[in-house]
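In: Next one to model:
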Amino acid sequence: MFSKILIANRGEIALRIIRACHELDIEAVVVYSEADKDAPYLQLADESICIGPADSAKSYLNIPRIISAAEITDVEAIHPGYGFLAENIHFAEVCRECGITFIGPPVEAMQLLGDKIRARELAHKVGVPVVPGSDGALEKDSDALELANEMGYPVIIKAAAGGGGRGMRVVHNDINLRSAFSSASAEAKAAFGNGTVYLEKFIVEPRHVEVQIMADKKGNALHFYERDCSIQRRHQKMIEESPCPILDKRTREQLAEAALRIIKEARYDNAATVEFILDEEKEFYFIEANTRIQVEHPVTEMVTGHDLIKWQLKIAAGEPIKLSQRNIKHTGVAIECRINAEDPERDFAPSPGTITRYIPPGGPGVRIDTHVHQGWTVSPSYDSMIAKVIVHQKTRTEAIATMKRALREFVIEPIKTTIPVCLDILSHNLFVKSKIDTGFVERNF
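Out: Down below sits the predicted model:
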């Protein structure tokens, strides 16, 4: 096991990793920007080192500064968390060249699964269904136009690299396709440094279901069941739950087995999330794989009882997974609500500012993952997510009731947050009946 690692991230995920490190008797070094110099979690780290100004390009995305911090503090490994450099292949390569363990998959697996076009090809190779679409990258909008007319609208243009909904455009006709093609490519170029895009048939009213995988360096790979992430706004997840309420046992097993085939073919190790969409007939199609820990990983931790961050650390250190699939049990229902500093009444405009009143919820079955507190100033420089509320109960009905109670208790003032809209969603008749899809929020809110 490592004796000392560096955490190349900020906020709640940095705190989450610090806690896992200390439970494994690992020293944790945390980097921070000038904007985060007063973050309380820095006091919990064994060491902290400033790597630049608030601008993430000059701090959390600055590879030379992060590597310098790692060398100065003499760490053995770097955990990238999620976002920032977590799926940056160049960063993983630099870590390897410097003799520092990257707590994530091998570079070759990242290259294979991080490119959505190559990942589609791999899925097809191992017999996992993929959404009909282009065979590879599309160089010109005229190529996209021709294919869209062959398949029929609607279609979706997707960035080959990255994630988080960037570089994605749903198109319903020829008129909009050309502008959508160029804007998706430009957005992908700005966000990921890669403007390559491809095209898929857009599945109308799909559910988004993902499978959590852990794989070790010995070739062992296990699934930790699935999460339903269908409640989204502009391709950004808002509410996640496990299990997916509409899956029968047979489809659940097929989904997990398909995810494992992809991961094993990629010679992957560490944490991965294999993502699928389900159509109205509950037929599933592979869409992408995320080569990192997910924001919503606590949902899986609650229903399985396994600490996924600890597993990441153990696997990166070379430890085998001493489990069999039958040892991983799924108990009850977990739901997570992401709390963002955004104003739902102003089209979810960012709502930065100082929190003058902060009262977190508690009680049976409630978990809060956050780094904020009373007096904390939410910076406009970073992602607007400031907390995650996770609940775990025996049934979905009980989990919804506990989440609603917890959100009503949660006080964050005076900034605006997504707590009210999460409450509205949880109270909606169609959500209660689990008659939802990825367009649910846009249609109803």
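
In: buried stuff in the longest helix along the chain?
Out: Counting residues, the longest helix found in the chain (DSSP state H) is helix 174-192. Of all the residues in helix 174-192, those buried under the rule 16 or more other CB atoms under 10 Å are 177, 180, 181, 184, 185, 187, 188, 189, 191, 192. C-beta: built from backbone N, CA, C; applies to glycine.

In: can you give me the mean pLDDT across it?
Out: Here helix 174-192 scores 89 as its mean pLDDT.

In: now for it, which elements pack on it?
Out: helix 141-151, strand 155-159, strand 169-171, strand 197-201 (3 or more CB pairs under 8 Å, 6 or more residues apart in numbering; DSSP states H and E).

In: backbone phi and psi for residue 244, please?
Out: For residue 244, the backbone dihedrals are phi -70, psi 120 (criterion: degrees, to the nearest 10).

In: Hmm, residue 226 and it touching each other?
Out: Yes. Here residue 244 reaches residue 226: they are 5.4 Å apart, a contact under CB atoms under 8 Å.

In: hey, what's in contact with both of those two?
Out: Contact criterion CB atoms under 8 Å, 6 or more residues apart in numbering; residues shared by residue 244 and residue 226: 209, 252.

In: between those two, who's got more neighbours?
Out: Comparing residue 244 with residue 226 by other CB atoms under 10 Å, the one with more neighbours is residue 226, at 26 against 23.

In: Name the strands paired with the helix or strand harbouring the more buried one and say parallel or antiparallel.
Out: Using DSSP states H and E, residue 226 sits within strand 221-233. Take DSSP bridges as the rule and strand 221-233 pairs in its sheet with strand 207-215 (antiparallel), strand 236-242 (antiparallel).

In: would you list those strands in JSON lines and tack on distance to residue 250, mean neighbour count and mean pLDDT?
Out: Output for these, formatted as JSON lines (distance: least, CB to CB, whole Å; neighbours: other CB atoms under 10 Å; pLDDT from 0 to 100):
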{"stretch": "strand 207-215", "distance to residue 250": "15", "mean neighbour count": "25", "mean pLDDT": "98"}
{"stretch": "strand 236-242", "distance to residue 250": "18", "mean neighbour count": "24", "mean pLDDT": "97"}
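
In: could I get these as a markdown table with distance to residue 133?
Out: Converted to a markdown table, the strands paired with strand 221-233 look like this (distance: least, CB to CB, whole Å):
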| stretch | distance to residue 133 |
| --- | --- |
| strand 207-215 | 17 |
| strand 236-242 | 22 |
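
In: Of these, which is nearest residue 40?
Out: strand 236-242 (26.2 Å; CB to CB).

In: ok, and what's touching the closest one?
Out: 164-165, 208, 225-229, 231-232, 295-296, 299-300, 302-303, 330, 333-338, 396, 399, 418, 421-422, 425-426, 441.

In: Whichever helix or strand comes after it packs against which elements?
Out: Remark: after strand 236-242, the chain's next helix or strand is helix 249-265, criterion DSSP H and E. The contact analysis (3+ CB pairs under 8 Å, 6+ apart) places helix 249-265 against helix 116-125, strand 207-215, strand 221-233, strand 270-278, strand 284-290.

In: Compare those and give me the one nearest residue 376.
Out: Here strand 221-233 is closest among these (CB to CB), at 24.4 Å.

In: Figure out how far that closest one is from the centre of its chain.
Out: 10 Å (CA atoms, centre = their mean, to the nearest Å).

In: how far off helix 249-265 does that strand point, in degrees?
Out: Relative orientation of strand 221-233 versus helix 249-265 (axes from the mean of the first three to the mean of the last three CA atoms, to 10 degrees): 110 degrees.

In: and the angle from strand 221-233 to strand 270-278?
Out: Using the same axes, to 10 degrees: strand 221-233 against strand 270-278 is 50 degrees.

In: So for strand 221-233, mean pLDDT?
Out: 97.

In: Stretch 342-356 now?
Out: pLDDT averaged over stretch 342-356 gives 95.

In: which SS state does the nearest residue to residue 353 once chain neighbours are set aside fall under?
Out: Spatial nearest neighbour of residue 353, chain neighbours left out: residue 415 (4.7 Å); criterion: CB to CB, 6 or more residues apart in numbering. Classification of residue 415 by DSSP: H, G, I helix; E, B strand; the rest coil places it in coil.

In: List the contacts of residue 415.
Out: Residue 415 is in contact with 341, 351, 352, 353, 354, 355, 378, counting by CB under 8 Å, 6+ apart.

In: could you flag which of these are buried?
Out: Using 16+ other CB under 10 Å as the threshold, 341, 351, 353, 355, 378 are the buried ones among the contacts of residue 415.

In: Regarding the fourth one, what are the backbone dihedral angles?
Out: Backbone dihedrals for residue 355, given as degrees, to the nearest 10, come out at phi -80, psi 110.

In: Need phi/psi at the closest residue to it other than its chain neighbours.
Out: Nearest residue to residue 355 in three dimensions, chain neighbours excluded: residue 376, at 5.2 Å (CB to CB, 6+ apart). Dihedral angles phi and psi of residue 376 (degrees, to the nearest 10) take the values phi -80, psi 140.
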